[in-house]
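Enquirer: With the input below, show me the fold.
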Amino acid sequence: MSRHPDILDRRTAALVVVDVQERIDAVMGRGDHRPRIRFLARTFRHLGLPVLVTEQYPRGLGATVPEIADACQAPSLEKMTFSCVEDERFLSALKAAGRRQVVVVGIEAHVCVAQTALDLLHAGYQVHVPHDAVSSRRAADRRHALQRLARAGAIVTSTESCAFELLHHCGDDDFRWVSRALKEIPVEGSH
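Expert: Presented below is the predicted three-dimensional model:
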């Protein structure tokens, strides 16, 4: 039996971590996006899937937050454009990964995340945006960005949904690893 095409698949999925940098992350509301981004980065790495990391003008906004950089273990692609897709190095790296499903996480939801997701959709990628792994300084901006992305065709989902879609089943070592890693994420406080 074939699976629904909107379900993430290990053979076709990649993670893009957008601009979770020290100076801008410090002003993001509650900060509950960080453990979820960290979990997804670790999960993608554990499963051997591509992880791409971007930094918007790092001289002004700082480097990727250390806990996220450590989880990703991928070189950051510096950019000056809000949309990652407009940066040739990012686009080349994504094309080289050969993936058609892209999970987009990071900050800010209504600026770089939204523009990246919209441009990926326009370029023919299937885009998944976990609502609990993106943030904006204002909750209303985040909420409206997620609504806009859903209307445009992005799959607004959750961190756990992404992980379990990639697993497909329970009972193996990957499932046990993900189940243990999930316990590190605070249950309360998701906005």
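Enquirer: Quick check: bridge partners of the closest residue to residue 75 other than its chain neighbours?
Expert: Distances taken as CB to CB, 6 or more residues apart in numbering put residue 53 closest to residue 75, at 7.3 Å, once the chain neighbours are dropped. Heads up, the C-betas are built off the backbone N, CA and C, glycines and all. Taking DSSP bridges, one obtains residue 17, residue 76 as the residues bridged to residue 53.
Enquirer: Which pLDDT value goes with residue 53?
Expert: With respect to pLDDT, residue 53 scores 98.
Enquirer: Contact partners for it?
Expert: With contacts defined as CB atoms under 8 Å, 6 or more residues apart in numbering, the neighbours of residue 53 are 16-17, 64, 68-69, 72, 74-77.
Enquirer: Can you report phi and psi for residue 58?
Expert: Dihedral angles of residue 58 (phi, psi; degrees, to the nearest 10) stand at phi -60, psi -20.
Enquirer: tell me the SS of the residue nearest to it when sequence neighbours are not counted?
Expert: Using CB to CB, 6+ apart and skipping residues adjacent in sequence, the residue nearest residue 58 is residue 78, 5.8 Å away. Of the three states, residue 78 takes strand according to DSSP: H, G, I helix; E, B strand; the rest coil.
Enquirer: center of the chain, which residue is that?
Expert: residue 105 (2.5 Å; CA atoms, centre = their mean).
Enquirer: Torsion angles phi and psi at residue 6?
Expert: According to degrees, to the nearest 10, residue 6 has phi -90, psi 0.
Enquirer: could we number from 16 for the rest of this?
Expert: OK, 16 is where the count begins now, so the last one is residue 21.
Enquirer: and it, how many neighbours?
Expert: Neighbour count of residue 21, defined by other CB atoms under 10 Å: 11.
Enquirer: Which residues are in contact with it?
Expert: 141, 170.
Enquirer: And the pLDDT for it?
Expert: 96.
Enquirer: ok, now residue 201?
Expert: Reading off the model, residue 201 has pLDDT 82.
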